[in-house]
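[1] My questions concern the predicted model and sequence given below.
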Amino acid sequence: MTTTIHADISGYISREPNPVESWSVIRAGTGNNISNGGATLLVGFRGGSLPAGSDKWMKLQRGYFSFPTTTLSGLTIISGVLRIYNLSKTKGTSATPTFTPVLFTPSNPTSPAMADFQNFGSVAFATPIAYADILTGESNPNDFTLNTAAITAINSAIASGRIGLGIREASYDISGAIPPDNYYTEISNIQPWGYTQIQNRHPELILETTAVSVTTDPATNLTGTSAQLNGTLINTGAETGFVSFEWGLTTGYGNETLEEGMVSSGTFYKVIGNNLIPGTTYHFRARARIGSTYVYGIDRTFNSALSTEARVTSLTRYFSAGPNMVYQLDFQRGGMDRYILPTYSRAPVVTTEAADTQTPANDWKNLTLADYGKWLQQHSGAEQKALIKSLNVKSLDFKTWAIWYADKGYRTIFTEK
Amino acid sequence: MRTLSADLQTAQTTGYPVAGAKRPYIKCIFTHKTGTPTYDYTFNPTTPATNKMLTLNHKESFGGRNSKPDESCVIVFGNDDDNIPDLSGYYVDLEYGLLTSSGLESVEVSRQWVKYHWDVIRTSKSGGAHQAILQLIGSWPVMYEHKACLGNAPYYQDDYGMLKNKTVYGCLEYLIETMFSAATGLTWLLDPLTVDDGIINTLIPWPTDYEEIYLNPDAVNGNYETIGSKVKDLIDMTNCYLIPQPDLHFKVVFPQDSDAVNQTFYRHSSEGHPFYENSDVKSPNVPSQIIVFGNIQEGEELTFNRGDAYADEDYDSGHTTYTGQYMNSFDIQLAQSLTSDADCDNYAKALLSKLRAMNFGGRTVVPMELSMELLDRAAVIK
């Protein structure tokens, strides 16, 4: 669905030094002039009255708009266009200026100030439009198709209630390259209509939105080399979609999980790894795809578990030929000999299945021949014969006894009788 | 870290004869000191009907600063046929292994001797159990059984200076290859040094110009040193450790921070060698400073050499203020034979280094890992 919002605050901030300044100085300087909601909105620059190549500049202007986002609450933007109207333009003969929207983050979102001259972003939010392609007149809109960075920024700003965007000249102001037309070069007077001008020609954001959204939930089941990434799909519009995760060492991610179909709201997860680096911070975010468009959850991080490394200072090899063999190594690292162990266990040797799938449910791993002897002492010959099928009971019958004993579910040897 | 054959490695990590399955093999042949007779009580997974071994519990530990190295083993055999003879005094070169695609394969560990042979019989109204329980000890405990008798009776204080003017390694070589061999009637060897911590092959514990008693200094009160205690004292003066090897060898190990991890253990077998259980514990540096005094001379003026070592992370850059999480503490070690501040410094640093290595403690239980040996660097991914 399409949702359109209009700027309710606009203007420009400029630096107009006297005497004139070099291009690098004027770009990095503090704003000293502002027009809040004026009749015109200027973006561009003007050189000093000096020969070309002297790098002297008398004006640099950056325009801004601020859009309320309350009407976007509960929606996720999947694409959009920034539309502005412009009445006139002018430039020098050699300059080839281009224009692009950027993020604008004034200290006070509803009341920008001259000091916000340096709060215009430098990341282009759309492919810049060349001066020659800038249309003029109230019937000729200039549409900037917003890129992923812009959509992400607007989605992130929905909760705050307002998004600020700016317009900067890209070829020289953003890049830092010195414009070739110094002497009387003027490309100012790009004029997006302000709200005080012709109605319905306000700067506007025309946004494609969806009711589908996704949240990135904290990662769980962290090991040194693997992690479970979690997300929640909110699909109030019952639109079909696919969910997946992006992950990597930076917010650039670089890895993605396979998509899984998901048509209704709910949680989803994916285990990644076996090759993560222990003790490392990873970024990840959940995403959902509707058609060819992705919606993203916020960036989150997790730390893969640390590896503890130390010298082996003691090792104990243990073997038991009981009915379920034990063959394991119990080693201590560092100064473990100095401490009282809080836990102790023995696990059966793996004979037919993977080590970590062994269940400790049966207690025969704790049964010893001594236990068997105790049991023999506590039971009559008739009782022994009932179990062993012979009155000539030997230690070799231990296995039969142990399996029977474990099957009965006893966990403590001397409580039976 | 011991090297495993490819087939043994596969059997350990993947399993054999089917994936995930492991068939333990423990070679266990008891031998009389003369070479015969021998008694083979190997646990062989391919001949289950004749196996006598019920349990085995074999511990190796190099010991801390104030504790002896330990090598001990308890093996319980079923002896219903009453066929196991008196094995006390016999030795065994245990080998631990698995059934592999190439048959039974194993790796040998250092020799052990049967110190106690228990004969245990349990009875009941209609049967019982007969067991032979063997308690064994390894090279280090045997070394502690033999007094360091060198020189003239009755005090044996190395009257002829056999340990004099030798480096630590030279002293160890003499104690192990000459004294220990003579005491036991066996040929013990100290492997050539492949590492150098700057102390073991440099420091001379009993220099020629030091005339005080070095060996058995308290023999007059009946306190004689053993070969084991002297060897332990010597190796403790360095950053190195002494590890028993098969075939009556000892090797010197110098652990360094740059050493690679030898084995890594994981929560899940899908990630690598898994662990069943892991416990880690940390403690503050106590003491956080070691002071070594050497060559104390009581003349008109008391003179001595001194060395200091600090746990750097517990102090400011000048070691004047304790900044650690616990409280300042120091320990003092006397090393009378050290005659320079530099030697005292090195000794203090070696002592502190070994103490600090003990501040972290971890215990891990894993399915049998055959390549591991003492002082390997093991990592646990938690």
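    That came through fine.

[2] Write out the residues of the stretch 1-150 of chain B neighbouring chain A.
    For the stretch 1-150 of chain B, the residues in contact with chain A (Cβ under 8 Å from any Cβ of the partner chain) are B:15, B:18, B:20-24, B:26, B:43, B:51, B:53-64, B:67, B:70, B:76, B:78, B:80, B:96, B:122, B:124-131. Placement of C-beta: from N, CA and C, glycine included.

[3] which of these count as buried?
    Buried by 16 or more other Cβ atoms under 10 Å in any protein chain shown: B:15, B:20-24, B:26, B:43, B:51, B:53-56, B:58-64, B:70, B:76, B:78, B:96, B:122, B:124, B:126-131, out of the residues of the stretch 1-150 of chain B next to chain A.

[4] pull the helix or strand with minimum mean pLDDT from chain B.
    Every helix and strand of chain B was ranked by mean pLDDT, DSSP states H and E. The lowest is strand B:277-282, at a mean of 83.

[5] Give the partner strands of that strand in its sheet and their orientations.
    Strand pairing for strand B:277-282, using DSSP bridges, gives strand B:360-367 (antiparallel).

[6] just to revisit the earlier point, which members of the residues of the stretch 1-150 of chain B next to chain A are positioned in strands?
    B:24, B:26, B:53-61, B:70, B:76, B:78, B:96, B:122, B:124, B:127-131 (DSSP state E).

[7] Domain ranges for chain A, per the record?
    With domains defined by automatic domain parsing, chain A comprises A:2-209, A:211-303, A:312-415.

[8] now the residue of the stretch 51-200 of chain A found nearest chain B: how far from residue A:219?
    Residue of the stretch 51-200 of chain A nearest chain B, by Cβ to the nearest Cβ: residue A:152 (34.1 Å). Residue A:152 sits 21 Å away from residue A:219, taking Cβ to Cβ, to the nearest Å as the criterion.

[9] neighbour-wise, which of those two wins?
    residue A:219 (22 against 17; other Cβ atoms under 10 Å in any protein chain shown).

[10] OK, contacts around that one?
    With contact set as Cβ atoms under 8 Å, 6 or more residues apart in numbering or on different chains, residue A:219 has these partners: A:227, A:228, A:229, A:230, A:284, A:300, A:302.

[11] Quick check: bridge partners of the last one?
    With DSSP bridges applied, residue A:302 shows beta-bridge pairing to residue A:282.

[12] Give me the neighbour count for it.
    When neighbours are defined as other Cβ under 10 Å, residue A:302 has 19 of them.

[13] Tell me which helix or strand the residue nearest to residue B:124 when sequence neighbours are not counted sits in.
    Ranked by Cβ to Cβ, 6 or more residues apart in numbering or on different chains and with sequence neighbours excluded, the top spatial neighbour of residue B:124 is residue A:376, at 3.8 Å. If you go by DSSP states H and E, residue A:376 is part of helix A:369-378.

[14] Let me see the ranges of the strands in the stretch 51-200 of chain B.
    Secondary structure of the stretch 51-200 of chain B (DSSP state E, counting those that start in this stretch): strands at B:53-61, B:70-78, B:91-92, B:95-100, B:103-108, B:112-124, B:127-138, B:189-190.

[15] And the pLDDT at residue A:398?
    In the predicted model, residue A:398 carries a pLDDT score of 69.

[16] same thing with residue A:181?
    For residue A:181, the pLDDT comes out at 72.

[17] before we move on, the earlier item: what mean pLDDT does the helix holding residue A:376 have?
    Here helix A:369-378 scores 70 as its mean pLDDT.

[18] and after that helix, which helix or strand comes next?
    Taking DSSP H and E, what comes next after helix A:369-378 is helix A:381-388.

[19] okay if I get the domains of chain A as JSON lines plus distance to residue B:375?
    Conversion of the domains of chain A to JSON lines gives the following (distance: least, Cβ to Cβ, whole Å):
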{"stretch": "domain A:2-209", "distance to residue B:375": "52"}
{"stretch": "domain A:211-303", "distance to residue B:375": "22"}
{"stretch": "domain A:312-415", "distance to residue B:375": "6"}
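
[20] wait, which of the ones you listed is closest to residue B:252?
    Residue B:252 sits nearest to domain A:312-415 of all the domains of chain A, at 16.4 Å, using Cβ to Cβ.

[21] got a list of contacts for stretch B:301-311?
    With contacts defined as Cβ under 8 Å, 6+ apart, stretch B:301-311 is touched by B:285, B:288-297, B:319, B:324, B:338-349, B:351-353, B:356.

[22] For residue A:58, grab the count of nearby residues.
    Neighbour count for residue A:58, taken as other Cβ under 10 Å: 18.
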